[in-house]
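Colleague: Need the 3D shape of this:
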Amino acid sequence: HFDYVGGPRNYKWLNTTQVERSWEQMRLAWAHGVERLWIVNVGDIKPMELPISAFLDQAWDPDAADLAWIEGYPAAWAAEQFGPERAKDIGEILTRYTQYNARRKPELISPDTWSLVHEREAERVLAGWNALVGRTLLLGAKIPASHRDAWYQLVEYPVLASANLNHLHVAVGRNRLYAAQGRASANAWADKARELFARDAELQRVYEHEIAGGKWTSMMSQPRIGYTHWQSPERNILPALATVDVPEKGVTGVAIEGDARRWPVPLASARLPVLDRVAAPTREVVVFNGGRQPIGFTASTRTPWLKVSPASGEVVDTEALDIRVDWAALPEGEHEGRIHIRGKDWTEVTVVVPVHKPPAHRGARGFVEGNGVVAIEAQHHAQAVAPADGQWQVVPNLGRTLSGVTAWPATGAPATPGGDGARLEYPLVMDHDGEVEVRVVLSPTLDIRHRGGLRYALSIDDETPQVVGMRLDPTPGDPDFRAWEAAVIDNAHAATSRHRVRAGAR
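Modeller: Predicted coordinates:
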């Protein structure tokens, strides 16, 4: 489905299908003997030119459409449309915008999709879009006038409109969060959301009326903002915004990373998530103003290894505090410091700053635990033992980040876990003994052989491999398609297992 009507949501506006995804699925179909008829649901052809072309080119000669073919396809397709000179750069933009949209389809994004309080997720998502917009505009200035219409509808509009939509939902999220916290800036974020909503309409107007002499009128009229259930609304609807009655005098408030509340909170202690030298050397504390007039504040600490700046100032809107740890002054282990914030209105907040300095692990090599997490790209294995008569293949760009890894061919017999069988090995460097959860992010493929779901096995050190299943088709225990719907929403399935680990290099 390049275009879809149904649960959990329609998606009919722009392309959200990675060509690597459709290639992977149709390669599986070809390998399993589906040789006479391939069908793809397209709907409106106009925004789906890239995936349609890839689908049909692969169908024309499936044996020739190998791994190298799909890796070079976006650039090759861009060369056909715009010439070879800038094809590689254009192909990269097309690849990245579809990857970003595939993480969460535009119709499925809401003001609470990207977290505003945890791990700076919203900021990281928007930074990726901002960088892509910058690259697109810079390259667009070099496109000849003869190709400007095609450039706008194939490349520039999808990037700018998708980035704008993400900014819009984050702006609405900030408006609601800041209103709940009593920030004066909540009203400004409501204005920003209205501006971005109007920007969406303006980008559509350019597409439909300013390029190609109005040739593509109404082609971008599919609603994409304001979904409340699976069916699209009749028109784009700006999500509900909050308004704050802002007092004239300045009012001190404090917000801390990992917590949506406004501090101070009666009978509660403000506590940051753990600072960790590997994974989270800094955390965010913001002093904000709940009134119209600027208000002064001070920030201090009596903890010798903890630094906070600025030490004082006036807050008009917000002031982010820079919190730093003198790691050289700390021994390994767990520590706590405190930051004291005081406003000129006598507001006082003490923020507990927990810190973890991990062991040095000198000489150890591997993926290092940071703040209780180890994150590994699938292709970054230290050793790959290939399946009998097969190989491990890296599928570039497939998924949320770098790539996917698959065993090929897909028609081989199921492997027997353990021993010297086919496997991927990843060295770990752990801080603590104990139980861990391992989440493996998988391509959400259905089990066409009806063996109870696709399976993989995982073990740490010398433990007996655990067999973990991924069953996404409806089952008696899941009559509401919950697993399938979650996989559609995320374009992925995260399977989990639990294991015991020992500290040190594994």
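
Colleague: From the contact counts, what lies against the longest helix along the chain?
Modeller: If you go by DSSP state H, the chain has its longest helix at helix 157-181. Applying 3 or more C-beta pairs under 8 Å, 6 or more residues apart in numbering; DSSP states H and E, we find helix 157-181 packed against helix 87-103, helix 121-140, helix 186-205. All C-beta atoms are positioned from the backbone trio N, CA, C, and that covers glycine.

Colleague: Out of the ones you listed, which is the most enclosed?
Modeller: helix 87-103 (a mean of 21; mean count of other C-beta atoms under 10 Å).

Colleague: Remind me which helix or strand Glu319 belongs to.
Modeller: Glu319 belongs to strand 318-325 when assigned by DSSP states H and E.

Colleague: Tell me how far that strand lies from the chain's centre.
Modeller: Chain-centre distance of strand 318-325: 25 Å, with C-alpha atoms, centre = their mean, to the nearest Å.

Colleague: That strand pairs with which strands, parallel or anti?
Modeller: Its sheet considered, strand 318-325 pairs with strand 285-289 (antiparallel), strand 306-309 (antiparallel) by DSSP bridges.

Colleague: Can you name the next helix or strand after it?
Modeller: Once the chain leaves strand 318-325, the next helix or strand it forms, by DSSP H and E, is strand 333-343.

Colleague: Next, the angle from the strand holding Glu319 to strand 333-343.
Modeller: 150 degrees (axes from the mean of the first three to the mean of the last three C-alpha atoms, to 10 degrees).

Colleague: Could you pull out the buried residues of strand 318-325?
Modeller: 319, 321, 323, 325 (16 or more other C-beta atoms under 10 Å).

Colleague: Contact partners for the last one?
Modeller: In other words, Val325. 275, 277, 281, 305-307, 337, 355 (C-beta atoms under 8 Å, 6 or more residues apart in numbering).

Colleague: Could you do the first one as well?
Modeller: With contact set as C-beta under 8 Å, 6+ apart, Glu319 has these partners: 286-288, 297, 310, 313.

Colleague: Nearest to Ala212 among the contacts of Val325?
Modeller: Ala212 lies nearest to Pro281 out of the contacts of Val325, by C-beta to C-beta, at 50.6 Å.

Colleague: Which residue ranges of this structure form helices?
Modeller: Taking DSSP H as the test, the helices found in the chain are 19-31, 49-60, 67-82, 87-103, 121-140, 148-151, 157-181, 186-205, 482-490.

Colleague: how about these in CSV, adding mean pLDDT and distance to Lys344?
Modeller: Formatted as CSV, the helices of the chain follow (pLDDT from 0 to 100; distance: least, C-beta to C-beta, whole Å):
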stretch, mean pLDDT, distance to Lys344
helix 19-31, 96, 56
helix 49-60, 98, 57
helix 67-82, 98, 56
helix 87-103, 97, 43
helix 121-140, 98, 29
helix 148-151, 96, 54
helix 157-181, 98, 19
helix 186-205, 98, 22
helix 482-490, 89, 46
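
Colleague: Distance of Gly128 relative to Pro8?
Modeller: Separation of Gly128 from Pro8 (C-beta to C-beta, to the nearest Å) stands at 24 Å.

Colleague: That should have said His229, apologies.
Modeller: Distance from His229 to Pro8, by C-beta to C-beta: 9 Å.

Colleague: Look at these two and report which has more neighbours.
Modeller: Shown here are His229 and Pro8; by other C-beta atoms under 10 Å, Pro8 has more neighbours (18 against 10).

Colleague: wait, doesn't the more buried one sit right on Trp230?
Modeller: Yes. Taking C-beta atoms under 8 Å as the definition, Pro8 is a contact partner of Trp230 at 6.1 Å.
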